Each structure stands twice: as C-alpha cells, then as structure tokens.
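Asks: With the sequence up front, the predicted model follows.
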Amino acid sequence: MAIQQINSITPGIISPSFAKKNNSPSEGAGNFSQLLKNSIDEVNKMQVQSDQLTEKLVRGENVDLHQMMIASQKASITLQTTMEVRNKVVEAYQEIMRMPM
C-alpha cells in the first residue's frame, strides 16, 4: 500500500468547507438564515398537514386514524425540538452577553 505525501491531498477532500473560494461572513450568515428558514418552513408544513388530517377526521371523511395520529405526533415532536433548540440558542446568547469584555 503506497503512502501519499500530505502535499498531494487537496483540502476539499478533507472538508468541503475548505473547497469554497468565497468564505465571507455575509455568505455564512446567508447560509444560516436559509437553513433556519427551511427548518421553520418544515415545522410549519408538518403542523399544517396534521391540522388538515385532523379536520378531515372531524368532518367524518375517510382518514386512517393511525396516519392522523402519526402526523400529529411528528408535528408535536418537531415543534418541541424547535422550541428546545431556540431555548438553547437564547441561553447561549445570554451566556455570551454575560462574558466580560
């Protein structure tokens, strides 16, 4: 087995973030804000789907009860997870603000 020299390894193989040519702070903020928006949209989508299935069940339409319960639990879990992540972020921000300069 041949051993390669460390100079022959490209940084993009080790970590994809090294492969980016334009690593400006505003680009990172855009990626984070897009990730946050996508996550919140996903939580909202699950909540809407759960509400639609619940409304169909209440109206007496043909809906599988177990599918409605699964959708309801998924929506509940994603909302709880989102709230816990938000709480941790706020807690971390408060901790950083308490640090002496």
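Replies: Yep, it's here. As the structure is a computational prediction, the values presented were derived from the model and not from experiment.

Asks: When you work out contacts or count neighbours from here on, use the C-alpha atoms and nothing else.
Replies: Noted.

Asks: So, low pLDDT: which residues of this protein?
Replies: Counting by pLDDT under 70, the chain shows low-confidence ranges at 1-29.

Asks: which stretch of helix or strand covers the residue nearest the centre of it?
Replies: Centroid-nearest residue in the chain, with Cα atoms, centre = their mean: Ser39, separated by 4.3 Å. For Ser39, the element it lies in under DSSP states H and E is helix 25-59.

Asks: now swap in Glu84 and tell me
Replies: helix 65-98.

Asks: What helices and strands are in contact with that helix?
Replies: Helix 65-98 sits against helix 25-59, with contacts defined as 3 or more Cα pairs under 8 Å, 6 or more residues apart in numbering; DSSP states H and E.

Asks: What about Val43, how many residues nearby?
Replies: Neighbours of Val43 under the rule other Cα atoms under 10 Å: 20.

Asks: SS state for Glu61?
Replies: coil (DSSP: H, G, I helix; E, B strand; the rest coil).

Asks: Please report the distance of it from Leu36.
Replies: 35 Å (Cα to Cα, to the nearest Å).

Asks: cool, Asn62 as well?
Replies: 35 Å.

Asks: More neighbours: which of those two?
Replies: Neighbours were counted for Asn62 and for Leu36 using other Cα under 10 Å; Leu36 has more, 12 against 9.

Asks: And the more buried one, how far from Gly30?
Replies: As judged by Cα to Cα, Leu36 and Gly30 stand 10 Å apart.

Asks: Identify the residues contacting Thr78.
Replies: Thr78 makes contacts with 43, 46, as judged by Cα atoms under 8 Å, 6 or more residues apart in numbering.

Asks: Okay then, goodbye and thanks.
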